[in-house]
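Student: Got a predicted structure here, sequence first:
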Amino acid sequence: MSSTLVIADLHLSQERPDITDCFTDFLKAHQNKHDALYILGDLFEVWVGDDDLSEFNVHIAKSIAQFAATTPVYFIHGNRDFLLGKRYAKRCNMTLLEEAHKISLYGQKILFMHGDQLCLDDVDYQKFRKKSRTWWWQFLMKRLPLKARQNKAAHYRKLSKEQQALKSLDIMDVNQNEVERVVNLIDVDLLIHGHTHRPNIHELANDKKRIVVGDWYTQGSVLTLSETGYELSYLPLKKQ
């Protein structure tokens with residue numbers, strides 16, 4: 001039976017080998033068994049540039065490339081790894097997509113996105129998102145030495161955690177009016193995203209649906225799409 005896998009928000013880092021092991025085991029277990037794999041952003045906890053070729057980043061690229069040798073891999077940027085570029089994607093043998101990607105799949109019109117652009121109530125984040133996606137901001141950032149970028153990323157993460165602690169969960173979730181607007185404007189049956197770390201299947205108007213793929217902090221989260229429908233499943237993390 002034809003099927004497609006969707007994952008998001010793995011937040012891979014050297015500090016969480018349990019997540020890394022779960023991800024690489026997942027790739028090995030599903031090698032050459034599906035039509036495609038979509039990664040909807042935040043593959044990494046942080047990404048400061050394709051020149052950061054640490055042993056860890058090279059290992060992840062090799063694992064994805066091995067999977068991609070038999071199954072196409074598609075990637076949409078998240079809010080942690082929007083600087084991931086063509087060079088690293090080539091190492092992974094994966095295809096970079098626009099931030100909103102519409103596709104017809106198994107008789108359904110589907111829109112894939114990371115999901116952060118739907119969180120309009122988080123005004124401070126949306127201001128940063130708008131600035132950080134401009135060509136000039138990214139150009140200036142990439143011209144900094146690698147160590148300086150790493151320090152800036154750590155500083156941004158610290159500020160983000162402090163700000164999140166002061167925000168309500170509702171503010172950091174999607175804006176329902178924006179969800180309905182996007183679904184109707186782009187004319188899709190399914191909106192699939194990550195970012196909010198709230199895996200669920202939501203009913204929308206006119207039999208449309210919004211599916212949220214979960215994060216990998218406490219367990220792996222995988223959405224499987226097929227001709228018979230869709231299923232959210234979970235993978236246990238191994239104790240280190």
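Tutor: On my side now, so go ahead.
Student: Do a quick rundown of the strands in the chain.
Tutor: Counting by DSSP state E, one finds strands in the chain at the ranges 3-7, 36-39, 73-75, 95-96, 100-105, 108-113, 190-193, 200-203, 209-212, 219-226, 229-236.
Student: Now render those as TSV, adding distance to Tyr125 and mean pLDDT.
Tutor: In short, each C-beta sits where N, CA and C put it, glycine included. Below are the strands of the chain laid out as TSV (distance: least, CB to CB, whole Å; pLDDT from 0 to 100):
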stretch	distance to Tyr125	mean pLDDT
strand 3-7	23	98
strand 36-39	21	98
strand 73-75	21	98
strand 95-96	23	98
strand 100-105	18	97
strand 108-113	15	98
strand 190-193	15	98
strand 200-203	21	95
strand 209-212	18	98
strand 219-226	22	97
strand 229-236	26	95
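Student: any chance of those strands in TSV, with distance to Val48 and mean neighbour count too?
Tutor: Listed next are these as TSV, based on distance: least, CB to CB, whole Å; neighbours: other CB atoms under 10 Å:
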stretch	distance to Val48	mean neighbour count
strand 3-7	22	21
strand 36-39	18	23
strand 73-75	17	20
strand 95-96	17	14
strand 100-105	24	14
strand 108-113	23	21
strand 190-193	24	24
strand 200-203	32	12
strand 209-212	27	21
strand 219-226	25	20
strand 229-236	28	14
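Student: Serialize those strands to TSV and add fields for distance to Asp173.
Tutor: Shown next, in TSV, are the strands of the chain (distance: least, CB to CB, whole Å):
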stretch	distance to Asp173
strand 3-7	20
strand 36-39	22
strand 73-75	24
strand 95-96	27
strand 100-105	18
strand 108-113	15
strand 190-193	11
strand 200-203	11
strand 209-212	10
strand 219-226	17
strand 229-236	18
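Student: Need the per-residue pLDDT for Lys161.
Tutor: Predicted confidence (pLDDT) for Lys161: 73.
Student: Distance-wise, check it relative to Leu185.
Tutor: From Lys161 over to Leu185 the distance is 33 Å, taken as CB to CB, to the nearest Å.
Student: Please apply the same query to Ser226.
Tutor: 27 Å.
Student: What of Glu227?
Tutor: 27 Å.
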